[in-house]
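**Q** Below: sequence and its predicted model.
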Amino acid sequence: MTTPVPAPDGVAVDDATTTDLVDRLLEHCALVCETGDEGPIADAVAAHHHARGDDVRRIGNSLVVRSATAGPPGAGDRPLVVLAGHLDVVAPTPADREPRRDVVAGVDVVVGRGTSDMKAGNVVATRIFERVADGELGTDVDVVLVLYAAEEGPAEDNELGVVLDEVGWLSRADLVVILEPTDGEIQLGCLGGLHATLVVHGRQAHSARPWHGRNALTAAGRLLTAFDDRGPTPVELDGVTFHDVWSMTQAHTDNGRNVLPGALNLNLNFRFSPSRDLETAEAELRDQIRRLAADLDLEIDVTITDRALPAAPMADRPVTAAFVAAVPAEVAAKQAWTDVARFAALGVPAVNFGPGRTDQAHQRGEFVEVWRLRAAHDALATFLAALDADALGQTG
């Protein structure tokens, strides 16, 4: 297990607010709900907000929650901020199936599947939403809670896309905060992603007489080495640095043990900076494979199987600058894909900021430090309390 990090000076870890956040997280993590099985957790969250009198709209196993006293959504008279996160998790392990509060290396933590990715973020978002809706923060801002299903699976199954199609006023938000794990950093934009199936062709033969064929598996060795030798490529945009990366993530053949494989199937994952769009990145991937096939005397078929849009940092937007100014955190690029891309495609400024640890996402014995919950909560409260027309660039 990665060593937890002690709380920095000034972060409360033993008061009623922190205890409430921990209790909420333990309750949230008790409903594991892997991708495709989000019904129980969506039921529980919807019931909680119905009991509060909030306005809840359910789409599949995704929820859009507003205060019952809020005005027309996105009408423009009050800033509209969306706090968003996904409800699903990857499969738990015996080390994190049962959520618990624990002390590790002298640091107070919550252990459980999804604590970092990203139920800690959901809990912070929910408590902030309720404080704004109940008038506790004294801010003239509408906050909407969007909790959606199926983020951990293929991009086309992610229910946020359906939510955005059906709840059109979300595209009028002034800012979206995705509370994915960011190690407490403000992470701007996100990488785009392509998955491609590469089929390296050879010629099948009996393994006792390999000269009758061409072994696709060993012939592809130089192709695999070419990608193994390729390091990340830094790309700077709006003052933050992304890294283009190419990764071979799967390989298989469909032959028997005594048969030279006539084909090797590979999965190539290309993560690319928002310096180009999907079409440009796809053309780049195909061109790279075409060149390598020619250089290595290989026959390679390419099929793109999954596409995910990148998102630009939007650091020049007044509301993004206001968030950076109000939140005491380092600013970096999001070296991954997140749903900021779906909002950015609609022209909505969006940032990644959450209490979870990136190195704990999908890990055995997943945990989050308790102090990170409180720090993220307080940072968002400070930002919302200060948000006004100046931050939205609506004056003058």
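**A** That came through, no problem.

**Q** residues making contact with stretch 275-282?
**A** 192, 194, 235, 237, 242, 270, 272, 284, 304, 307, 309-310 (Cβ atoms under 8 Å, 6 or more residues apart in numbering). From N, CA and C alone the C-beta is placed, and that goes for glycine too.

**Q** Identify the farthest-apart pair in those residues.
**A** Leu237 and Ile304 (24.0 Å; Cβ to Cβ).

**Q** Now render the contacts of stretch 275-282 as JSON lines, adding neighbour count and distance to Ala91.
**A** Below are the contacts of stretch 275-282 laid out as JSON lines (neighbours: other Cβ atoms under 10 Å; distance: Cβ to Cβ, whole Å):
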{"residue": "Gly192", "neighbour count": "26", "distance to Ala91": "26"}
{"residue": "Leu194", "neighbour count": "21", "distance to Ala91": "25"}
{"residue": "Val235", "neighbour count": "17", "distance to Ala91": "33"}
{"residue": "Leu237", "neighbour count": "17", "distance to Ala91": "35"}
{"residue": "Phe242", "neighbour count": "27", "distance to Ala91": "29"}
{"residue": "Phe270", "neighbour count": "20", "distance to Ala91": "26"}
{"residue": "Phe272", "neighbour count": "26", "distance to Ala91": "28"}
{"residue": "Glu284", "neighbour count": "15", "distance to Ala91": "34"}
{"residue": "Ile304", "neighbour count": "16", "distance to Ala91": "27"}
{"residue": "Arg307", "neighbour count": "16", "distance to Ala91": "25"}
{"residue": "Leu309", "neighbour count": "19", "distance to Ala91": "27"}
{"residue": "Pro310", "neighbour count": "26", "distance to Ala91": "28"}
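
**Q** Hmm, Leu223 is touching Val199, no?
**A** No - contact criterion Cβ atoms under 8 Å: Leu223 and Val199 do not qualify, at 11.7 Å.

**Q** Looking at the two, which has the bigger crowd around it?
**A** Leu223 (22 against 14; other Cβ atoms under 10 Å).

**Q** where are the low-confidence patches of the stretch 51-200 of the chain?
**A** 74-76 (pLDDT under 70).

**Q** That one: strands as residue ranges?
**A** When assigned using DSSP state E, counting those that start in this stretch, the strands of the stretch 51-200 of the chain occupy the ranges 55-59, 62-66, 80-86, 100-104, 107-111, 142-148, 175-178, 186-188, 192-201.

**Q** For the second one, give me every contacting residue.
**A** What it means is strand 62-66. Under Cβ under 8 Å, 6+ apart, the answer for strand 62-66 is 42, 45-46, 49, 54-57, 73, 87, 129, 142, 144-149, 159-160, 162-163, 167, 170.

**Q** and what of the first one?
**A** Here strand 55-59 makes contact (Cβ under 8 Å, 6+ apart) with 42, 46, 49-50, 63-68, 70, 159, 162-163, 166-167.

**Q** Now do the same contact list for the closest residue to Ala220 other than its chain neighbours.
**A** Spatially, and ignoring its direct neighbours in sequence, Ala220 is nearest to Val200 (4.3 Å; Cβ to Cβ, 6 or more residues apart in numbering). By Cβ under 8 Å, 6+ apart, Val200 lies in contact with 216, 219-220, 223, 263-264, 266, 298-300.

**Q** Now list the buried members of those residues.
**A** For those, a burial check counting by 16 or more other Cβ atoms under 10 Å picks out 216, 219-220, 223, 263-264, 266, 298, 300.

**Q** quick one: which of the residues you listed is nearest Ile289?
**A** For the buried ones among the contacts of Val200, the nearest to Ile289 is Ile300 (5.6 Å; Cβ to Cβ).

**Q** In three-state terms, how would that closest one be classified?
**A** On the three-state scheme (DSSP: H, G, I helix; E, B strand; the rest coil), Ile300 is labelled strand.

**Q** Against Leu268, how distant is it?
**A** From Ile300 over to Leu268 the distance is 10 Å, taken as Cβ to Cβ, to the nearest Å.

**Q** residues shared between the contacts of those two?
**A** Common neighbours of Ile300 and Leu268 are listed as 198, 289 (criterion: Cβ under 8 Å, 6+ apart).

**Q** So which residues of the stretch 1-150 of the chain form helices?
**A** 16-30, 39-52, 120-133 (DSSP state H, counting those that start in this stretch).

**Q** Mean neighbour count, the ones you listed: which tops it?
**A** Comparing these by mean neighbour count (mean count of other Cβ atoms under 10 Å), helix 120-133 ranks first with a mean of 25.

**Q** Show me what it packs onto, helices and strands only.
**A** Judged by 3 or more Cβ pairs under 8 Å, 6 or more residues apart in numbering; DSSP states H and E, helix 120-133 is in contact with helix 16-30, helix 39-52, strand 80-86, strand 142-148, helix 370-386.

**Q** relative to strand 80-86, how tilted is the fourth one?
**A** Counting by axes from the mean of the first three to the mean of the last three Cα atoms, to 10 degrees, strand 142-148 points 20 degrees away from the direction of strand 80-86.

**Q** Can you give the distance from strand 142-148 to the centre of its chain?
**A** How far strand 142-148 lies from its chain's middle: 16 Å, per Cα atoms, centre = their mean, to the nearest Å.

**Q** The last one too?
**A** Taking the mean of its C-alpha atoms, helix 370-386 sits 20 Å from the chain's own mean (Cα atoms, centre = their mean).

**Q** now the angle from that helix to strand 80-86?
**A** Counting by the same axes, to 10 degrees, helix 370-386 lies at 160 degrees to strand 80-86.

**Q** which parts of helix 370-386 are buried?
**A** Neighbour counts over helix 370-386 (16+ other Cβ under 10 Å) mark 370-381, 383-384 as buried.

**Q** Could you export that helix as CSV, CA atoms only?
**A** The C-alpha atoms that make up helix 370-386 are tabulated as CSV, following Å, rounded to 0.1, in the frame of the first residue of the first chain:
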residue,chain,number,x,y,z
VAL,A,370,-9.4,12.0,5.6
TRP,A,371,-7.7,15.5,5.5
ARG,A,372,-8.1,15.5,1.7
LEU,A,373,-11.8,15.3,2.0
ARG,A,374,-11.9,18.4,4.3
ALA,A,375,-9.3,20.3,2.2
ALA,A,376,-11.3,19.9,-1.0
HIS,A,377,-14.6,20.7,0.8
ASP,A,378,-13.2,24.0,2.2
ALA,A,379,-11.6,25.0,-1.1
LEU,A,380,-14.8,24.6,-3.0
ALA,A,381,-16.7,26.5,-0.3
THR,A,382,-14.2,29.4,-0.5
PHE,A,383,-14.5,29.6,-4.3
LEU,A,384,-18.3,29.6,-4.4
ALA,A,385,-18.5,32.2,-1.6
ALA,A,386,-16.3,34.5,-3.7
